[in-house]
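> curious how this folds, go ahead:
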Amino acid sequence: MKRNAKPNQPLVEHIYTADPSAHVFEGKLFIYPSHDLDKDVPSNDNGDQYVMEDYHVLSMDDIDSPVTDHGQVLHMKDVPWVSQQMWAPDAAYKNNTYYFYFPARDKDGIFRIGVATSPNPAGPFKPEPNYIEGSFSIDPAVFIDDDGKAYMYFGGLWGGQLEKWQTGTFDPDAQGPSGDEPALGPRVAELTNDMLSFKEPPQEIQIVDENGNPITAGDEDRRYFEGPWLHKYNGYYYLSYSTGTTHYIVYAISKNPKGPFVYKGRILEPVIGWTTHHSIVEFKGKWYLFYHDSSLSGGIDNKRSVKFTELKYNPDGTIQTIKPYG
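Residues are numbered from 1 along each chain as shown. Take a look at the predicted model:
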């Protein structure tokens, strides 16, 4: 029997899910998570412990209704260019089509971003034969602005290989900037109208402090690590992301979807498990944060579960910090 969804409780318990991208499609909530397989693999900084081969789609008619698992909607064996590690995905709707974006390692072990399509928000999704030309790294998040322009935000350090692309080509030996240098930012690229390609080369987003100074690589409480998400509120673009090593979800704001973004504060305090990854969505007049932790698995990093909680703004547009365990 299905049980109703509850704040700060796993949406589903029959599989492990992570990295939730939540959207409102057809008047319902659809959640596009990654799928942690129940395997024991030694952990390392490259994330080899995250053994993920396919995707499921979850949906909810209301915020407190039962959660439907629509089953497997895409598997790596269906995608010719993929070798392993289908990590955090996202979805978007345009042109009467649902687009599903996903990162994975190609046959050379380099992370790329692919796209698949469906007439149904619950899938299944049919992948394009090759990855998006010019794509790299992980964690695609697609935002469609009020004017119809669509942007993809992406990038993750360490296992996500972002620091390997500082010259514009993949350098397996590249290191990130030193502690007092500007931190690497996520990348953004406008998508073509058919949502299948980059309209332009990806560019780096700058994240600065209140005085306009770039957040440095050594500022691990505020610097970008992975998991970008963009939403709009009261005319501002909110870029939120994970700080990685310090395990915060934080945010910065801008009047331009390409930035620069001014750091504003924390959204979510650390959760159980090493990774933290989220999305933010408005549904029926309220805002919600979808996130994951490893509480269901007893703290095992690579066996995570998607949760949600209400997100609240202050009158000045800042976001109230959420403590996930009260």
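> hang on, His70 packs against Ser59?
Yes - His70 sits in contact with Ser59 when judged by Cβ atoms under 8 Å, with a separation of 6.6 Å. Where C-beta positions appear, they are placed from N, C-alpha and C, glycine not excepted.
> hmm, Gln49 and Pro42 touching each other?
Yes - between Pro42 and Gln49 there is a contact under Cβ under 8 Å: 6.6 Å.
> comparing those two, which residue is more hemmed in?
Remark: of Pro42 and Gln49, Gln49 carries more neighbours, 18 against 6, as counted by other Cβ atoms under 10 Å.
> that one contacts Ile300, correct?
No - applying Cβ under 8 Å, one finds Gln49 not in contact with Ile300, separated by 9.1 Å.
> quick one, phi/psi of Lys77?
Note on Lys77: its backbone torsions stand at phi -70, psi -20 [degrees, to the nearest 10].
> how many residues are close by it?
Neighbours of Lys77 (other Cβ under 10 Å): 9.
> next one: Gln175
9.
> what about it, distance to Arg222?
From Gln175 across to Arg222, the span is 20 Å (Cβ to Cβ, to the nearest Å).
> per-residue confidence for the closest residue to Asn130 other than its chain neighbours?
With Cβ to Cβ, 6 or more residues apart in numbering as the criterion, Asn130 has its nearest non-adjacent residue at 5.6 Å, and that residue is Trp81. pLDDT for Trp81: 98.
> flag every buried residue along whatever helix or strand Tyr101 lives in.
Here Tyr101, judged by DSSP states H and E, is contained in strand 97-105. Using 16 or more other Cβ atoms under 10 Å as the test for burial, strand 97-105 gives Tyr98, Tyr99, Phe100, Tyr101, Phe102, Pro103, Ala104, Arg105.
> contacting residues around the fifth one?
By Cβ atoms under 8 Å, 6 or more residues apart in numbering, the residues touching Phe102 are Tyr55, Leu74, Met86, Trp87, Pro89, Ile113, Gly114, Val115, Ala116, Pro140.
> tell me how many other residues crowd the closest residue to it other than its chain neighbours.
Nearest non-adjacent residue to Phe102, counting by Cβ to Cβ, 6+ apart: Pro89, 4.2 Å away. Taking other Cβ under 10 Å as the criterion, the count of residues near Pro89 is 29.
> same thing with the one 4 residues further on?
Using other Cβ under 10 Å, the number of residues around Tyr93 comes to 17.
> what sits against it?
With Cβ under 8 Å, 6+ apart, Tyr93 has these contacts: His23, Phe25, Tyr99, Pro121, Ile144.
> dump the residues you listed into CSV; add distance to Asp316 as well.
Shown next, in CSV, are the contacts of Tyr93 (distance: Cβ to Cβ, whole Å):
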residue, distance to Asp316
His23, 27
Phe25, 31
Tyr99, 35
Pro121, 35
Ile144, 27
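> these: which two are farthest apart?
Pro121 and Ile144 (14.3 Å; Cβ to Cβ).
> which of those two has more neighbours?
Neighbour tally, Pro121 and Ile144, criterion other Cβ under 10 Å: the higher count belongs to Pro121, 19 against 14.
> show me what contacts the more buried one?
His23, Phe25, Glu26, Lys28, Phe30, Val57, Ser59, Ala91, Tyr93, Tyr98.
> list the ones among those that fall in strands.
Those of these mapping onto strands are His23, Phe25, Lys28, Phe30, Val57, Ser59, Ala91, Tyr93, Tyr98, per DSSP state E.
> picking that back up, now, which of the contacts of Tyr93 sits nearest Tyr313?
For those, the nearest to Tyr313 is His23 (19.8 Å; Cβ to Cβ).
> surely that closest one meets Glu282?
No - counting by Cβ under 8 Å, His23 sits too far from Glu282 to count as a contact (10.3 Å).
> tell me which of these two has more neighbours.
His23 (19 against 14).
> not counting sequence-adjacent ones, nearest residue to that one?
Using Cβ to Cβ, 6+ apart, the closest residue to His23 is Phe30 (5.4 Å).
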